[in-house]
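Engineer: Any chance you could fold what I've pasted below:
(chains A, B and C)
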Amino acid sequence: MEIRPTERPNWLAERYDIAGWIHFLQKKAVPRHHASVFYFLGGMTLFLFFVQVATGILLLLYYRPTAEAAFESVQFIMTQVHFGWLIRSIHSWSANLMVLFAFLHMFSVFFMKAYRKPREMTWVSGTILLVLTLCFGFSGYLLPWNTLAFFATRVGTEIAGALPFIGKHLLHLMRGGEDVTGATLTRFFGFHVAVLPMITTALVLVHLLLVQIQGMSLPLRRDGSVPKEFGKRMPFFPNFLARDALAWVVTIGILAALAAIFPWELGEKADPYASAPAGIRPEWYFVFMFETLKLIPAKIGPIDGEILGILGFGACGLLLVLVPFIDRSANHGRWSLGFTIAGVIALVYMAVMTAVSYLMGGPS
Amino acid sequence: MQEKSRSDGRPAAFAPTRRGFLGWLLGGGITALLGSILYPVVRFIVPPKVAESMEASVVAAKAGDLTPNSGKTFKFGSRPGILVRTPSGEYRAFSAICTHLQCTVQYREDQQSIWCACHNGRFDLSGRNVAGPPPRPLEMYDVAMRGDEIVVSKRS
Amino acid sequence: MRRPSPKTAAHRAAALGIAALLGLPASLRADAKFESSSCAKCHEEIGDELAVPVKSLRDGDVHASVGLGCVDCHGGDPVIVTGDGPDQERAHAAGAGFQGKPGPAQIPAVCGGCHGNAEFMHRYNPNLATDQLARYRTSTHGQLNAKGDVNVATCVSCHGAHGITRVADPRAPVYPLQVPDTCGRCHANEVLMRPYGIRTDQLAEYRESVHGQALYEKSDLSAPTCNDCHGNHGAAPPGVSSVALICGECHATSRTFFQESVHKEAFDAANQPECTACHGNHGITPASDTFVGTEPASWCSRCHFPGDAGLAVGATLRGMLDSLSTEIETARTIVERASHAGMEVSAGEFSLQDAHTALVQARDATHTLEPAKVREKATAGLKAARDAAGISKAALAERDVRRRGLAVALLFIVIVCIALAGTIRRLDARAGLRDA
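Structural biologist: The predicted structure follows:
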């Protein structure tokens, strides 16, 4: 675990000029203060991404992305392939955990105002990564081609299609046609295993590189100060990494337990001509938006309520990405109450809307 | 910066055996954990005996199993199917679920047709409903010979 | 067949003659036929009730669509003479064969004049039967009609007079879904049936019955309606000893079993109708295992006394059915549990299907009243149900294997966690972070 500059790198040091890297890595340190536990969240999200890539590649060995064979191939994985149930259930559970941790990571960075100068681009790449994670979730959800996924996709793409001007084109682009068909499945598959991973990997590298170069930010306090660190900073190698490793091993345990005790359901094969079952809703991380759209009145003035809702969420997303450039106070080292309150409202709103949807049963 | 360390040079608070034990515990634990991760992964990658997903196609019988003018039911996923050898020797396969009230049909050599015992429904050798209450023909499957195996698959 | 009276015969001949005469050019200008007649012109002008037939003929009437018109049934002169005003006298002239509105006694002859003539019908629909009039004369309706009863059903009572659609047309009163209501128009009417002493609860009973449910709830057109058991043109209640044959048109195996059983002779001797004595005729309820057995409510108990041999057989049969259905229920519960746990149970579901089929056949075989025959089916069913349960139990055991595997993996994880925790402490100490 310890890095011995005089031993292992010898072979490497004779060939490559890595002394600078080694020195840099050894100096990398993590500040310790009352909120430093939140520093683990980013690494957890990354770890879960690795789990997704690994289990996803394994699933690729058996999955068939056509409307005729997709459901059967997932059923095959669940019932015939050795430990197929394990790989698939881990993939599904880890997907949900990754979304959860991505949100937690985003919120903790937000409340600690770590997005302020000089870390604006880290934040921007991070919010885009959050959106990409949600895209992963949306595209992956359709792949088993079961009833719930089919109708959730139809509803989801319908909502995208309601946007003014670009809605129709966006809908055709997403669905690969007018309706959700085998063409949609193939397209979503392409996004899920090629396009999104490519973009995500690139952005993750950028995001990590920026974090490496700039180090960890200290949370901004109400009086504009940063917390008092206790003791010396913790070296990343090996102390923080060992703690990361502990968290990851615990996560492996949780994933294994979830997969074995609550294997992911398969449901029934999608029948495009059947009527939608009652209580269709998207995955839990979209539910707060879905519930909002349901509760918005049909018309607000001359404008269609649903479109207003969608544009509203789009605007919120854009604001989120641009937060470092809007929160001028933070850039000057001043803690602004407004942004913190906005964040709390957003968090509470999302939680309440999600709860309302599940407690009230299905859509009205 | 970490000190270089071996058995010597470590803080006096740690006894040699505890540190060694910890090392063994960690190494052994990690190895066992890696093993319990790699074992399912390796077994996953090895294809299972049944290479095709069962719902799409199934081996219904072997070449010599049926004489002309006979039939037998077989398992197609979770539903019964019926493989029929016509008097002229041709193989045909259908879903064995009667389209009336879902009883399992059977082959009647004396009538050279497929018959449902529940309400006297009859289907001809093309699956068409020809007598009795069934409102629709039997779902027809594709039949192919693969070596000496008779493979039945759903029509796409 | 009764010889028609001279008056009826003359009218028939007139109708036929005119039909033949007008039929020839009619094929050349088919749909314009009745539209261009003076009948349509005048009646429509008059409006109200008298215009109704014109409108009905326009609305998909099958006779109008093949080029037949008013005069083919009613006689009269359809030609419009230009220049003259509407001339009812000429149109309605008896010399032109005008019959007016046929009464109930004449209707069978009017319709049967064409529909009973095979050669004539050959031109329009070679496939159409031409024995309806003959059958009608054998029916209860026909016999009463011949005696001069004006209330009894004739052709137009069921088929309509104008606006007649083909039987296969869902709008037709004789389309399978409509048949019970069409018959019920009279047979469910207290006032109409009282003079004949016929019950009027059949329609209500039928609606609640298993056949009625199949027809109305499931839109199963193959479900029997009134005409399937009573006949349509030759409608009459089935005789006591032939009921089984009629029910057996669909329930073939039950019929065979019943007729081989000791009940056939016994029922015929007691003048009990065969199937309907136990199952009812119109209000047939879904079959249940409780029909068989020794309870006071069972059907066996309707005739058999406690202690007699027949009731003992009933008890045996019921015992076999009960044990089979219990076994199937148990198996089904296990299969469902395994399926919900995410295990592969298609082989189990397949066996359950077999078991269910065996149960249906065992229930059917009770009509033989021979325990040996029922046991044969029940044994096969029990085996299939037990197979299903076995497969599912194995699947659930597989789930336990998974949990054991999980426990082992968790053990390793715990070991690693403990080791890591210790290592972290060691590393912290080395790095001087001991107060962390």
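
Engineer: how many neighbours does residue 30 have?
Structural biologist: By default, I'm working from chain A. 17 (other Cβ atoms under 10 Å in any protein chain shown). Quick note: C-beta positions are derived from backbone N, CA and C, even for glycine.

Engineer: Switch to chain B, please.
Structural biologist: B:Ile30: 17 neighbours (other Cβ under 10 Å).

Engineer: buried ones in stretch A:195-214?
Structural biologist: Within stretch A:195-214, the residues scored as buried using 16 or more other Cβ atoms under 10 Å in any protein chain shown are A:Leu196, A:Pro197, A:Thr200, A:Leu203, A:Val204, A:Val206, A:His207, A:Leu210, A:Val211.

Engineer: and A:Leu130, what element?
Structural biologist: Assigned by DSSP states H and E, A:Leu130 belongs to helix A:120-142.

Engineer: B:Val59 too?
Structural biologist: strand B:57-62.

Engineer: Surely C:Ser325 is within a strand?
Structural biologist: No. Read with DSSP: H, G, I helix; E, B strand; the rest coil, C:Ser325 is helix and lies in no strand.

Engineer: Now do the contacts for the residue nearest to it when sequence neighbours are not counted.
Structural biologist: Counting by Cβ to Cβ, 6 or more residues apart in numbering or on different chains, the nearest residue to C:Ser325 once its immediate chain neighbours are dropped is C:Leu359, at 6.1 Å. Neighbour list for C:Leu359: C:Leu321, C:Leu324, C:Ser325, C:Ile328, C:Lys377, C:Gly381 [criterion: Cβ atoms under 8 Å, 6 or more residues apart in numbering or on different chains].

Engineer: Need these in JSON lines (columns: pLDDT and neighbour count).
Structural biologist: Below are those laid out as JSON lines (pLDDT from 0 to 100; neighbours: other Cβ atoms under 10 Å in any protein chain shown):
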{"residue": "C:Leu321", "pLDDT": "94", "neighbour count": "25"}
{"residue": "C:Leu324", "pLDDT": "94", "neighbour count": "26"}
{"residue": "C:Ser325", "pLDDT": "93", "neighbour count": "19"}
{"residue": "C:Ile328", "pLDDT": "94", "neighbour count": "22"}
{"residue": "C:Lys377", "pLDDT": "90", "neighbour count": "22"}
{"residue": "C:Gly381", "pLDDT": "93", "neighbour count": "26"}
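
Engineer: one step back: now, among the buried residues of stretch A:195-214, which is nearest to C:Thr130?
Structural biologist: C:Thr130 has its nearest neighbour among the buried residues of stretch A:195-214 in A:Leu196, at 73.2 Å by Cβ to Cβ.

Engineer: which element is the residue nearest to B:Ala117 when sequence neighbours are not counted on?
Structural biologist: Closest residue to B:Ala117 apart from its sequence neighbours, by Cβ to Cβ, 6+ apart: C:Thr253 at 5.5 Å. Using DSSP H and E, C:Thr253 sits in helix C:252-260.

Engineer: Quick check: buried residues in that helix?
Structural biologist: For helix C:252-260, by 16+ other Cβ under 10 Å, it's C:Ala252, C:Thr253, C:Ser254, C:Arg255, C:Phe257, C:Phe258, C:Gln259.

Engineer: From C:Glu370, how far off is the residue nearest to C:Ser325?
Structural biologist: 17 Å (Cβ to Cβ, to the nearest Å).

Engineer: Now do the contacts for C:Leu128.
Structural biologist: Contact partners of C:Leu128, counting by Cβ under 8 Å, 6+ apart, are C:His115, C:Met121.

Engineer: circling back: doesn't the residue nearest to C:Ser325 lie inside a helix?
Structural biologist: Yes. Under three-state DSSP, C:Leu359 sits within a helix.

Engineer: Which helix in chain A has the most residues?
Structural biologist: helix A:84-111 (DSSP state H).

Engineer: Go ahead and measure how far that one is from the middle of the chain.
Structural biologist: Offset of helix A:84-111 from its chain centre (Cα atoms, centre = their mean, to the nearest Å): 7 Å.

Engineer: how about that helix: buried residues?
Structural biologist: Buried residues in helix A:84-111 (16+ other Cβ under 10 Å): A:84-99, A:101-103, A:105-111.

Engineer: ok and it relative to helix A:120-142, angle-wise?
Structural biologist: Using axes from the mean of the first three to the mean of the last three Cα atoms, to 10 degrees, one finds that helix A:84-111 and helix A:120-142 are set 150 degrees apart in direction.

Engineer: where does the stretch 101-250 of chain C come near chain B, residue by residue?
Structural biologist: Those residues of the stretch 101-250 of chain C that sit near chain B, judged by Cβ under 8 Å from any Cβ of the partner chain, are C:Asp220, C:Leu221, C:Ser222, C:Ala223, C:Gly248, C:Glu249, C:Cys250.
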